[in-house]
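> predicted coordinates and the sequence they were generated for:
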Amino acid sequence: MSKQFFRSIAACLLGVALCVSAAACGTSDDASSSGSETSAASPQAYDVSKIEKDEEIAALLPDSVKQDGVLTVGMDTSYAPAEFLAEDGKTPVGYDVDLSNALAKVLGLKADQQVSKFDLIIPAVGSKYDVGISSFTITPERMDAVDFVSFYKAGSTWVTKKGNPTNVDTADLCGVRVAVQTGTTQEEEVTQMSEDCTKNGKDAIDILSNALQTDVTTNVTTGKADVFYADSPVAGYAITQTDGQLEALGEDVGVTKQGIVVKKGDKQTAEALQKAMQKLMDSGVYEEILEQWGAQSGAVDKSEVNPTDVSQ
């Protein structure tokens, strides 16, 4: 089983009511509060007004999807910066929201993001929703039930102060002060690392565990911790929101593919979405959207229907 991300319920982002999850791409419904550190305003929605309809790609869609002119998207708005709620507490924002809007434009439709609980989206795709876009990790088990169009990858990221002033080496964290969010797989991993340290006669890792990702990030920016460990898109967003105070350390680890959920056997919709996503990638729009949300580390250059190289 690939590394799973635990769902989160809610957290404040400098007074902005938004929810962040550390498990949107996983299969667990365990909940824990989360958030993202910020010292700057959240990005605005990407302007998709100049994206033109591709008649050839749009023609691939079945009438059941395109006849009402709307692409209905099931989405759990609890995973910043992919999908979360704006200051009004009701408007979905994030890179998955922007990408769904861009996809709809290519298909000549208008996207309608409908908020749902994460575990209720997949069963409703093909009936209540045309597609599901909510940081779903592509797994063999899920592909037994639905089809996927891949478009992103995510893992875990180590983050330090700019320049790594305490010379953190992730290959040897014994005795290092590490901040993690409570209830995440990152906390489990670091706890296991610490146990390995003591078994080998070294100092345990000084683990600072907080319920909110905002507090995890603050621990590093203030020097209380040497490094934090978090989901790669969450970490990337935290970095962009701290005015250059932080930087990623090394490469993302435990990386797995994510995708758009499509009704099993709906080859027309899957093909249309794959070609539309590939067009966004080739045009540069895809990269621009991810960069706007600090999520470019998860960018891929090829969209596929039901990729074979997925997490086990």
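Great, that's in hand. Numbers count the residues shown, from 1 in each chain.
> list the contacts of residue 305.
147-150, 267, 270-271, 274 (Cβ atoms under 8 Å, 6 or more residues apart in numbering). All C-beta spots, glycine's among them, are computed from the backbone N, C-alpha and C.
> again, only using 6 Å
Counting by Cβ atoms under 6 Å, 6 or more residues apart in numbering, residue 305 touches 149, 270, 274.
> what's opposite it in the beta bridge?
For residue 305, the beta-bridge partners are residue 149 (DSSP bridges).
> worst-scoring helix or strand of the chain, pLDDT-wise?
For the chain, counting by mean pLDDT, DSSP states H and E, strand 16-18 ranks last in confidence among helices and strands (a mean of 30).
> what comes up buried for the helix or strand that it is followed by?
Later in the chain than strand 16-18, the nearest helix or strand by DSSP states H and E is helix 55-58. For helix 55-58, the buried set under the neighbour-count rule, 16 or more other Cβ atoms under 10 Å, comprises 57-58.
> quick one: end-to-end distance for stretch 224-235.
17 Å (Cα to Cα, to the nearest Å).
> what's the answer for stretch 121-128, then?
9 Å.
> follow-up on the earlier one: quick check, nearest of the contacts of residue 305 to residue 282?
For the contacts of residue 305, the closest approach to residue 282 (Cβ to Cβ) belongs to residue 274, at 12.4 Å.
> who's in contact with the closest residue in space to residue 166 that isn't next to it in sequence?
Nearest non-adjacent residue to residue 166, counting by Cβ to Cβ, 6 or more residues apart in numbering: residue 226, 4.4 Å away. Counting by Cβ under 6 Å, 6+ apart, residue 226 makes contact with 166, 168, 176-177.
> how near is residue 226 to residue 250?
14 Å (Cβ to Cβ, to the nearest Å).
> returning to what we had before: could you dump the contacts of residue 305 to a markdown table with distance to residue 67 and neighbour count?
Shown next, in a markdown table, are these (distance: Cβ to Cβ, whole Å; neighbours: other Cβ atoms under 10 Å):
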| residue | distance to residue 67 | neighbour count |
| --- | --- | --- |
| 149 | 21 | 27 |
| 270 | 18 | 24 |
| 274 | 21 | 24 |
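> which among those gets closest to residue 76?
residue 149 (18.1 Å).
> distance of the closest one relative to residue 258?
Counting by Cβ to Cβ, the separation of residue 149 from residue 258 is 10 Å.
> quick one: neighbours of residue 222, just the number.
Residues lying near residue 222 (other Cβ atoms under 10 Å) number 10.
> what sits against it?
Counting by Cβ under 6 Å, 6+ apart, residue 222 has no contacts.
> mind checking pLDDT for it?
In this model, residue 222 is scored at 97, pLDDT.
> what do you get for residue 307?
Looking at residue 307, its pLDDT is 94.
> tell me, how many residues neighbour it?
With other Cβ under 10 Å as criterion, residue 307 counts 16.
> ok, it touching residue 150?
Yes: here residue 307 reaches residue 150: they are 4.9 Å apart, a contact under Cβ atoms under 6 Å.
> which secondary structure element is home to residue 239?
helix 232-240.
> ugh, typo on my part, it should be residue 287
helix 285-292.
> packing partners for that helix?
helix 95-106 (3 or more Cβ pairs under 6 Å, 6 or more residues apart in numbering; DSSP states H and E).
> next, the angle helix 95-106 makes with the helix or strand following the helix it packs on.
Using DSSP H and E, the helix or strand that follows helix 95-106 in sequence is strand 110-115. Orientation check (axes from the mean of the first three to the mean of the last three Cα atoms, to 10 degrees): strand 110-115 against helix 95-106 gives 150 degrees.
> can you mark which positions in the helix or strand harbouring residue 123 are buried?
Per DSSP H and E: residue 123 is located in helix 121-124. Of all the residues in helix 121-124, those buried under the rule 16+ other Cβ under 10 Å are 121-122, 124.
> next up, phi/psi of residue 244, please.
Backbone torsions for residue 244, taken as degrees, to the nearest 10, come to phi 80, psi 10.
> with residue 223 instead?
Taking degrees, to the nearest 10 as the convention, residue 223 sits at phi 90, psi 0.
> what number of residues are in the vicinity of the nearest residue to it once chain neighbours are set aside?
Nearest residue to residue 223 in three dimensions, chain neighbours excluded: residue 161, at 7.3 Å (Cβ to Cβ, 6+ apart). Per other Cβ under 10 Å, the neighbour tally for residue 161 reads 20.
> SS state for residue 178?
Three-state assignment for residue 178 (DSSP: H, G, I helix; E, B strand; the rest coil): strand.
> show me what it is bridged to.
Bridge pairing for residue 178 - DSSP bridges - gives residue 207, residue 227.
> circling back to that earlier point, what about the helix holding residue 123, distance to the chain center?
What separates the centre of helix 121-124 from the centre of its chain is 19 Å, taken as Cα atoms, centre = their mean, to the nearest Å.
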